[in-house]
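K.L.:
using only what follows, build the 3D model:
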Amino acid sequence: MLGLFLAYKAGRLAVDGRVGAAYADANLVWRLERALRLPDEAAVQHLLLSAETLVRTANVFYAVVHFPATIAFLIFMYCFRPEHYLRFRRILAWLTAMGLVIHFVFPLAPPRMLDGLGLVDTAAVYGPSVYGPPQTDTLSNQYAAMPSLHVGWALIVAAGLIHATSSRWRWLWLAHPVLTMLVVAGTANHYWLDGIIAAILVGVLLMATSRQEHPSPKVPIQLRREAVEPVRGTKLT
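P.N.:
Model (predicted):
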């Protein structure tokens, strides 16, 4: 994961000379969404802007849930579902690596940076904001909207918990990626297509790794019985 983080930092430097391409790609994605008749991101944002508490909550969710939720998921899988841990850790790493490649070849300015869309940067207006001005922000690549790793990681968390648990309520974990998609679109940090592409990548990785689980070895019933019962013909002392 450290290597992926360093690659992400390198991606921030690589995109510095491709800002124009990032905005051109943004206009392309926006037109494609309209051609596909996807909902306008502004519709979700208008709902958030109906109450300041709601929009601030969405901003906090975007800023603080992404990493802690994923780390908590990995810790849970490692401690309580070790037979599934390696598979989903690999899926997480592969998705992040694939995302970095797409960030290199398809830089994309998020909708909050485009004029004329009727969208506002909710984090900058209402707070809290995790980004500074793009020209001086050396901590993050703000031209890496496609795919949305927020949505992709949330999908992996939900898929892993649904797969690794047996409660009839486990399907409620799908609310996590759904809520994440609404938040990233409503705060103008991502387009719908960013989440759709992330979902496609996660689906491909889930299918590709479907046989890569390592179940804990089970002791045969006969061996367990022999371990607790004295061998026939011997006496206990």
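K.L.:
which residues of this protein fall in strands?
P.N.:
Along the chain, no stretch is classed among the strands by DSSP state E.
K.L.:
ranges for the helices of it?
P.N.:
2-14, 19-35, 41-48, 52-64, 66-80, 82-105, 122-126, 149-164, 175-186, 192-208, 221-228 (DSSP state H).
K.L.:
I'd like to know how far residue 64 sits from residue 167.
P.N.:
The gap separating residue 64 from residue 167 is 26 Å, by C-beta to C-beta, to the nearest Å. To be clear about C-beta, it is placed using only N, CA and C from the backbone, and glycine gets the same treatment.
K.L.:
show me which residues of stretch 109-117 are buried.
P.N.:
Buried residues in stretch 109-117, counting neighbours by 16 or more other C-beta atoms under 10 Å, are found at 109-114, 117.
K.L.:
same deal with stretch 164-175?
P.N.:
The neighbour-count check on stretch 164-175 (16+ other C-beta under 10 Å) flags 164, 173 as buried.
K.L.:
give me the distance between the two termini of stretch 39-58.
P.N.:
19 Å (C-alpha to C-alpha, to the nearest Å).
K.L.:
what sits against the residue nearest the centre of the chain?
P.N.:
Residue closest to the average C-alpha location in the chain (C-alpha atoms, centre = their mean): residue 153, at 2.0 Å. By C-beta atoms under 8 Å, 6 or more residues apart in numbering, residue 153 lies in contact with 66, 69-70, 92, 95.
K.L.:
ok, now residue 154?
P.N.:
66, 69, 176-177, 180-181.
K.L.:
residue 123: which of the contacts of residue 153 is nearest?
P.N.:
residue 66 (13.4 Å; C-beta to C-beta).
K.L.:
wait, the closest one touches residue 150, no?
P.N.:
Yes - counting by C-beta atoms under 8 Å, residue 150 is a contact partner of residue 66 at 5.3 Å.
K.L.:
ok, those two, which is more surrounded?
P.N.:
Neighbours were counted for residue 66 and for residue 150 using other C-beta atoms under 10 Å; residue 150 has more, 24 against 19.
K.L.:
so the more buried one versus residue 157, what's the distance?
P.N.:
If you go by C-beta to C-beta, the gap between residue 150 and residue 157 works out to 11 Å.
K.L.:
also residue 98?
P.N.:
With the distance defined as C-beta to C-beta, residue 98 ends up 17 Å from residue 157.
K.L.:
let me know the pLDDT of residue 10.
P.N.:
You'll see residue 10 listed with a pLDDT of 61.
K.L.:
before we move on, back to that, put the buried members of the contacts of residue 153 into a ChimeraX selection.
P.N.:
Applying 16+ other C-beta under 10 Å to the contacts of residue 153, the buried members can be selected in ChimeraX as follows:
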select :66,70,92,95
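K.L.:
now render the contacts of residue 153 as a markdown table, adding pLDDT.
P.N.:
Below are the contacts of residue 153 laid out as a markdown table (pLDDT from 0 to 100):
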| residue | pLDDT |
| --- | --- |
| 66 | 92 |
| 69 | 96 |
| 70 | 94 |
| 92 | 95 |
| 95 | 94 |
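K.L.:
of the contacts of residue 153, which pair is most distant in space?
P.N.:
Between any two of the contacts of residue 153, the greatest separation by C-beta to C-beta is 15.0 Å, found for 69 and 95.
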